[in-house]
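# Make a model of this:
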Amino acid sequence: VRAVVMTGGDHFSSGGDLVGFQTEMAEGARATNNLVDKVHAGGRAAYNFNKPLIAAVNGVAYGAGMSLALCADVIVAAEDARFCEVFVKVGGCPDTGSSWLLQQRIGAGAARLLILTGREISGVTAHQMRVVEECVPADQTEAAAIALAKEMAQNPMFGMESSKRVMREVA
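Got it, this is the predicted structure:
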């Protein structure tokens, strides 16, 4: 494996299961912390993945789903994809790394705008704001991501892995 495309098909991810999270909260602090730790471990695994990771986003990428997409090295989004840092609208704060990851991509001010409003943006707007690197028609999202993965996979693995490592270390 030289590069990976991560996708959810018709919808990338609607984020966390809020009902399930409330059930865990009812179990107490330890259960809640264990759940949060597992979710965060998944995000760290994606962010620290040593091969090029490309997110192909169709449909919705909300909350933790948007965070997961932000963990990728490159995001290819459908023009009509819908991104939302929905946390504030459900009484939460951005978790799974999105508060930091979004600022790394678009800067603190623009990140605050999206996080504090919980505003939904399209793939086109996400591209204009530099949340995503490429924006294509919905029927071309996965093909564009796969083509990008194939392009990256032609490069020597040591160069890609070491480049990715040093770029992550500066952030």
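# Where does the prediction get shaky in this protein?
17-22, 24-25, 32, 171 (pLDDT under 70).
# Tell me where the longest helix sits in it.
Assignment by DSSP state H gives helix 29-48 as the longest helix of the chain.
# which helices and strands sit right next to whichever helix or strand comes after it?
Later in the chain than helix 29-48, the nearest helix or strand by DSSP states H and E is strand 53-57. Here strand 53-57 touches strand 4-7, helix 64-70, strand 74-78, helix 141-153, going by 3 or more C-beta pairs under 8 Å, 6 or more residues apart in numbering; DSSP states H and E. Glycine gets a C-beta too; all of them are placed from N, C-alpha and C.
# Each with direction, which strands does strand 53-57 pair with?
Strand 53-57 has the following strand partners under DSSP bridges: strand 4-7 (parallel), strand 74-78 (parallel).
# right, and these - which one's nearest residue 48?
With C-beta to C-beta as the criterion, residue 48 lies closest to strand 4-7 of the strands paired with strand 53-57, at 13.0 Å.
# contact partners of that closest one?
Outside strand 4-7, the residues that touch it by C-beta atoms under 8 Å, 6 or more residues apart in numbering are 46, 49, 51-58, 68-69, 72, 141-142, 145-146, 149.
# if we go to 7 Å?
Contacts to strand 4-7, defined as C-beta atoms under 7 Å, 6 or more residues apart in numbering, come from residues 51, 53, 54, 55, 56, 72, 142, 145, 146, 149.
# Right, I'll leave it there.
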